[in-house]
Every structure is written in structure tokens, then in C-alpha cells.
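Chemist: My questions concern the predicted model and sequence given below.
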Amino acid sequence: MIDSRSTFIALKDGYGKTLTYAEMGNRIQTITASLLAIGQLEDSPRIGVFQQPSVDWICSMLAILRVGAVCLPLESRNGLPRLATIVKISGPIAVLVDSTTIEDAKKLGLEKTTVINVSQLNVPSTTQIPITAKPENPALILFTSGTTGVPKGIVLKHSGTVNVIESLVQRYELDQEVVIQHTAFSFDMSIDEIFIGLGSGGSLYIVDTARRGDSRALMEIIANEGITYTRTTPSGYLSWIRHGADLVAGNTSWKHAFAGGDKMSDSLRQAFRSLGLPNLKLYQVRLLSPSLLTHLTS
């Protein structure tokens, strides 16, 4: 039987690429096959993703998780010297790049690391590759600046991430949300965006590099793409509303605005009231509890 969701849009990006759930599954299988060809996948090895924000970034992350490896987001906006330090600390066995980042990848100290250009993986895999990830295994490593300025890795387990996402979906009755993914992949809010979109059977719009951080452009995407779910900091929302309130006038799609990272202020609540959108609700939640995180020690 064909899953009724297979023809639904799962991923769309700012570069004009769209994938249905079936197409996303096929793309994940193709990237997964390239990872299996490396070998050395026992004991949850680390595999980096150094790509532009696109549908392939998401498929690469899901392929890494599928084979039981640990996804290491290498956010290009962090700068190459910092990324080289992260690579040195984390020791990935492979890094997935694309045609736009492959040259910069040469500056990350990857001489002994397998580099896979996903832009060249154009032949779909015909083999169904099983999911080997286990709940207790690490899923992602997100690097913070650290108190000393030296990057510090935070490890997220599969079980903890699943529990948090399921809790949000159930508590706030989220269902087939259309989510805008604009947060840096090295920030925990991006995990919320990705898995609320896909985990609720909805879709994910991945904002291109040029428009990330552009408040008016983000509000335009919210209006034009039928976004139902957003997440950013209170200061981020204030900037969005200040620069793009006119773009969402009369919007009926946007329903869930989740704020985190800072304390919610009265000025933020008033700013949302000023939009005059009766379907839109503002929430403040913390995505990941400290009890779900462990520090990278090696």
C-alpha cells in the first residue's frame, strides 16, 4: 500500500528545489548508500554536514541518523577557522559537502577524512537500507562558543530529541505544520524546526543563505509559503514585526509562534497583538532540557 503522505511536499528550499515525502525518502537512501560504502560505521562515528541550507542538507542529516552515526552540523556562517577547530575536536570520519562548499572544505583540515560531494550523487539507490539508529545512541553534536571561547560540543541523544518533539506535538496539538527553517543548524532551535515539520507529517521550507537573518524576507516567506509554525528568539520576532508586519496583514495560515532563548517581554506580546491575526498564538518554551544534553569529552 502506498503511504498517502508519499506525494505530499516534505521539503522545499530557497533555491527552487522541492521534494515529496517519497522523493525525500529516495534521496536519503541514495546518500545513505554513499555512507555505507565508507564502512567504519560501528560505535556511532561522527559525520559532518558542510553544505548550503537546502533540501540536500536535511536529507544528509537524516541519512547520517539512519545509519546510526552522529550528525555534526558545520555551519558556514561560523567561519572556516572556527569550523577547522570543531573538526579537529570532533574527528569526523566523513564530511558531506555540496558543489558550493567543496572548495572551502579543503580549508577545514580534512586530509584524513572522507569527503563526499552530495551534488554528484545523482543515481538513486535501489536498495532499501534499514534504520540502525538506537534510542540510547547519540544523534547530533552542536557546538557552542564555550565559556573560554573554545568551541564546546553538546551531544543530543535520539531518545531525548524524540521525547521533546513528541511532547511539543502532543501538548500544543501540532499537526502537519508548514515550518520555516531559518535558524543556524548548529543551534538547537533548528532541531525543533526540522522535526516539528517532518515529525508532524507537514513540510519544511529551508531558507537560502541570502535571506537568513533578513527579517523582511522571512516575513515574506511566512506569507507566501503558507507557514503555520515559526520559532525564533523574542528579539528576532520583534525585528520580524518591525520590518515586515505589513507583509502578513490578514494572514490566516500562521498559527504557532514559539519563542525561546530569552525572556518574553510585554513589548513582544504587544507587537504580536498589533498584527491583528486572530489565528496566531505566541508561546514561550525551551526546546532542550539540560538533562537531555551531555558534553562532548573526546
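Modeler: Nice, thanks for sending it over.
Chemist: Would you verify that residue 262 is located in a helix?
Modeler: No. Read with DSSP: H, G, I helix; E, B strand; the rest coil, residue 262 is coil and lies in no helix.
Chemist: how about it, what does it touch?
Modeler: Residue 262 is in contact with 233-235, counting by Cβ atoms under 8 Å, 6 or more residues apart in numbering. (Glycine included, C-beta is placed from N, CA and C.)
Chemist: Strands of the protein, start to end?
Modeler: With DSSP state E as the criterion, the chain has strands at 9-13, 18-20, 46-50, 70-73, 94-97, 114-117, 138-144, 152-157, 178-181, 203-206, 229-232, 256-259, 281-284, 293-295.
Chemist: Distance to residue 83 added to the ones you listed, as JSON lines?
Modeler: Below are the strands of the chain laid out as JSON lines (distance: least, Cβ to Cβ, whole Å):
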{"stretch": "strand 9-13", "distance to residue 83": "22"}
{"stretch": "strand 18-20", "distance to residue 83": "27"}
{"stretch": "strand 46-50", "distance to residue 83": "7"}
{"stretch": "strand 70-73", "distance to residue 83": "10"}
{"stretch": "strand 94-97", "distance to residue 83": "10"}
{"stretch": "strand 114-117", "distance to residue 83": "14"}
{"stretch": "strand 138-144", "distance to residue 83": "9"}
{"stretch": "strand 152-157", "distance to residue 83": "13"}
{"stretch": "strand 178-181", "distance to residue 83": "20"}
{"stretch": "strand 203-206", "distance to residue 83": "20"}
{"stretch": "strand 229-232", "distance to residue 83": "24"}
{"stretch": "strand 256-259", "distance to residue 83": "28"}
{"stretch": "strand 281-284", "distance to residue 83": "32"}
{"stretch": "strand 293-295", "distance to residue 83": "19"}
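Chemist: closest to residue 266 out of those?
Modeler: For residue 266, the closest of the strands of the chain is strand 281-284, at 11.9 Å, according to Cβ to Cβ.
Chemist: that older thread, any idea which of the strands of the chain has the lowest pLDDT on average?
Modeler: Sorting the strands of the chain by mean pLDDT places strand 293-295 lowest, at a mean of 37.
Chemist: top of the contacts of residue 262 by neighbour count?
Modeler: residue 234 (20 neighbours; other Cβ atoms under 10 Å).
Chemist: Please name the residues that touch that residue.
Modeler: 259, 261-265, 268, 284.
Chemist: what's stretch 45-53 in contact with?
Modeler: Stretch 45-53 is contacted from outside by 13-15, 35, 57, 60-61, 64, 69-74, 76, 83, 87, 90-98, 100-101, 104-105, 108, 118, 141, 181, 185, 206-209, 212, using Cβ under 8 Å, 6+ apart.
Chemist: Quick check: residue 13 touching residue 24?
Modeler: No. In this structure, residue 13 is not within contact of residue 24 by Cβ atoms under 8 Å, at 11.9 Å.
Chemist: where along the stretch 1-150 of the chain do the helices fall?
Modeler: Secondary structure of the stretch 1-150 of the chain by DSSP state H, counting those that start in this stretch: the helices cover 21-36, 55-66, 80-90, 102-105.
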